[in-house]
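**Student:** Fold the following for me, if possible:
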Amino acid sequence: MSTWWSSLAERERRLLLLAAAVLVTGLFYGLLWAPLQRGVVLRGQRVAALRADLAWMRGAAVRLVNLRAQAAPPAAGAAVAPDAPLARQVADSARAAGLSTVIELPAGAAHGPLQITLRPVSFATLMPWLAGLRGQGVVVDALQLDAAGAGRVQGQVTLDRTPAGDGAPDGGAD
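**Tutor:** Model (predicted):
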């Protein structure tokens, strides 16, 4: 190989070195750089789509709770006296729905809104329970959910009593 290289003219050697550099650059771009760039762009688009889906799901969850509360009666066996403390009412309802292991109630919550932490739970199980609470005079003030696997969510929910005489969810305006 070295005899072949030394038999070439200086101009031919420079041309071959330049061609080799262009070839290495082209291979680097085609085999490494371009696929990585495409991957970054695709991942960015996927993240944006997932964020949009999450925002929609959060809004839909609140609307779903309100709609199910209008249509669904309270869960059987979950009725609690309306004058019971909110924390006890929610704990009893969660126990009746089989959710006592996935909710964390704050200690010593006596009056006012009640903020509950939700461990990973099936979205399809959580929503009917929240709707059933509406039938017991408990409303969802705030709901913040994050995906926790396929069909499962975790997050925070703030509950409060329905104001006296208010049986309809927020006047029906969305």
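
**Student:** All the helices of this structure, residue numbers only.
**Tutor:** Taking DSSP state H, the helices of the chain run over residues 2-7, 10-28, 34-71, 86-96, 123-135.

**Student:** Any chance of those helices in TSV with mean neighbour count, distance to Arg161 and mean pLDDT as columns?
**Tutor:** For the C-beta atoms, the positions are set from N, CA and C on the backbone; glycine is no exception. Shown next, in TSV, are those (neighbours: other C-beta atoms under 10 Å; distance: least, C-beta to C-beta, whole Å; pLDDT from 0 to 100):
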stretch	mean neighbour count	distance to Arg161	mean pLDDT
helix 2-7	8	89	88
helix 10-28	10	66	94
helix 34-71	13	14	86
helix 86-96	19	6	87
helix 123-135	20	10	87
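
**Student:** Among the ones you listed, which comes closest to His111?
**Tutor:** Comparing those by their distance to His111 (C-beta to C-beta), the top pick is helix 86-96, with 7.6 Å.

**Student:** which helices and strands does the closest one pack with?
**Tutor:** strand 103-104, strand 114-122, helix 123-135, strand 138-147, strand 152-161 (3 or more C-beta pairs under 8 Å, 6 or more residues apart in numbering; DSSP states H and E).

**Student:** a markdown table for the helices of the chain, including distance to Asp146?
**Tutor:** Shown next, in a markdown table, are the helices of the chain (distance: least, C-beta to C-beta, whole Å):
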| stretch | distance to Asp146 |
| --- | --- |
| helix 2-7 | 63 |
| helix 10-28 | 40 |
| helix 34-71 | 8 |
| helix 86-96 | 20 |
| helix 123-135 | 11 |
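
**Student:** who wins for proximity to Asp160 among those helices?
**Tutor:** helix 86-96 (7.4 Å).

**Student:** Can I get the closest one as PDB, trimmed to CA atoms?
**Tutor:** What follows is helix 86-96, C-alpha atoms only, in PDB (Å, rounded to 0.1, in the frame of the first residue of the first chain):
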ATOM      1  CA  LEU A  86     -65.700  15.500  55.700                       C
ATOM      2  CA  ALA A  87     -62.600  13.400  56.300                       C
ATOM      3  CA  ARG A  88     -64.600  10.600  57.900                       C
ATOM      4  CA  GLN A  89     -67.200  10.700  55.100                       C
ATOM      5  CA  VAL A  90     -64.500  10.500  52.400                       C
ATOM      6  CA  ALA A  91     -62.600   7.700  54.200                       C
ATOM      7  CA  ASP A  92     -65.800   5.700  54.600                       C
ATOM      8  CA  SER A  93     -66.700   6.200  51.000                       C
ATOM      9  CA  ALA A  94     -63.200   5.200  49.900                       C
ATOM     10  CA  ARG A  95     -63.300   2.100  52.000                       C
ATOM     11  CA  ALA A  96     -66.700   1.100  50.600                       C
END
